[in-house]
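Visitor: following is a predicted model, sequence given first.
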Amino acid sequence: MRRSQTMIRSRALASLLVLSLGLCTAQQARAQEPPVGIPEGGERGHPVHVRLDTAATYGIGGQSFLGVQVSMSGYLPIWNTRWATGTFDGGVLLGYGNEPTFLAPWIDPSQVEGATHRISLFARFGHTFHLGIRRRVALGVHLYAGLHEWISSYSVNYPNEGVSGSGTAKRSLFVTGAELDFAYRFSQPVGLYLKMGAPFPYQSSYVATIFTVGAGLTFYLR
């Protein structure tokens, strides 16, 4: 009987020891993991942080368009002071825009149907200032370059003039430009995201747009 009790106690102690070692190992692993986003007080020479930015967009091309943009960027801290941290940023941006006829009041929807589609895939790089003691505010300036696909597809029917028909036009071009974005992190992993951008050198607005503005959420992944 005593031998059985001793064995039970030994097994319980062994289990407790294994559990304690496991907890210590997990805490050490968490301590070694990089913080999510730039931490309070800033840093320099840290592993790359990762951020996902999402935005609903409005812009002007041939006419007004609505769309969405998603960008994934890595942020490498390169300088740090008490009030700010600067990062070198690099990533990719995927965007879609649609020019519906209801945003063009001069178009009669009973006579014209269709839309213009804008699909963009850009590489982007630049610099972000992470501001404040808590590093909750981020102001970034980025350049972008990549492929912009323009697809215009409409059908028209003018019975008084005896004209009707449909057609699709496509253009693909290499676009460069600049963006200014702002983020405010209201929790550790999530924040508000605002942006504006425009292509340069200027090309035809029908294909490359004049400007784009957007608002959405940013997600700090690492």
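Guide: Sure thing, it's come through.
Visitor: for this protein, just list every one of the helices.
Guide: Assigned by DSSP state H, the chain shows helices spanning 2-32, 205-208.
Visitor: mean pLDDT for those: which is lowest?
Guide: When the helices of the chain are compared on average pLDDT, helix 2-32 comes out lowest at a mean of 49.
Visitor: quick one: the strands in the chain?
Guide: 49-60, 64-80, 84-100, 112-131, 137-158, 163-185, 190-199, 211-220 (DSSP state E).
Visitor: now the spatially most central residue of the chain: how far from residue 101?
Guide: Nearest to the mean C-alpha position of the chain, by Cα atoms, centre = their mean, lies residue 53 at 2.2 Å. According to Cβ to Cβ, to the nearest Å, residue 53 and residue 101 sit 30 Å apart. (Each C-beta comes from the backbone N, C-alpha and C, glycine too.)
Visitor: what does residue 212 give?
Guide: From residue 212 to residue 101 the distance is 20 Å (Cβ to Cβ).
Visitor: please say which of these two ends up with more neighbours.
Guide: Taking neighbours as other Cβ atoms under 10 Å, residue 212 and residue 101 compare with residue 212 leading, 25 against 18.
Visitor: what sits against the closest residue to the more buried one other than its chain neighbours?
Guide: Spatial nearest neighbour of residue 212, chain neighbours left out: residue 59 (3.8 Å); criterion: Cβ to Cβ, 6 or more residues apart in numbering. With contacts defined as Cβ atoms under 8 Å, 6 or more residues apart in numbering, residue 59 is in contact with 65, 67, 97, 209-213.
Visitor: please redo it, this time with the cut-off set to 6 Å
Guide: Contacts were defined as Cβ atoms under 6 Å, 6 or more residues apart in numbering; by that measure residue 59 touches 65, 209, 212.
Visitor: with residue 91 instead?
Guide: Residue 91 touches 71-73, 124, counting by Cβ under 6 Å, 6+ apart.
Visitor: biggest separation within those residues, which pair?
Guide: Spatially, the most separated pair among the contacts of residue 91 is 72 and 124, at 9.9 Å (Cβ to Cβ).
Visitor: neighbour count for these two, which is higher?
Guide: The residue with more neighbours, out of residue 72 and residue 124, is residue 124; 23 against 15, by other Cβ under 10 Å.
Visitor: any figure for the gap between that one and residue 182?
Guide: 15 Å.
Visitor: can you check residue 110 too?
Guide: Residue 110 is 42 Å from residue 182, by Cβ to Cβ.
Visitor: low pLDDT regions in this protein?
Guide: Across the chain, the ranges flagged by pLDDT under 70 are 1-34, 203.
Visitor: now with 50, please.
Guide: Within the chain, the stretches with pLDDT under 50 are 8, 12-14, 16-19, 21, 24-26, 28-31.
Visitor: pretty sure the residue nearest to the centre of the chain sits against residue 193.
Guide: Yes: using Cβ atoms under 6 Å, residue 53 is in contact with residue 193, at 5.2 Å.
Visitor: shared neighbours of the two, anything?
Guide: residue 218.
Visitor: closest to residue 159 among the contacts of residue 59?
Guide: Using Cβ to Cβ, residue 65 comes nearest to residue 159 of the contacts of residue 59, at 28.8 Å.
Visitor: distance check, that closest one against residue 94.
Guide: Taken as Cβ to Cβ, the span from residue 65 to residue 94 is 16 Å.
Visitor: more crowded one of the two?
Guide: residue 65 (22 against 14).
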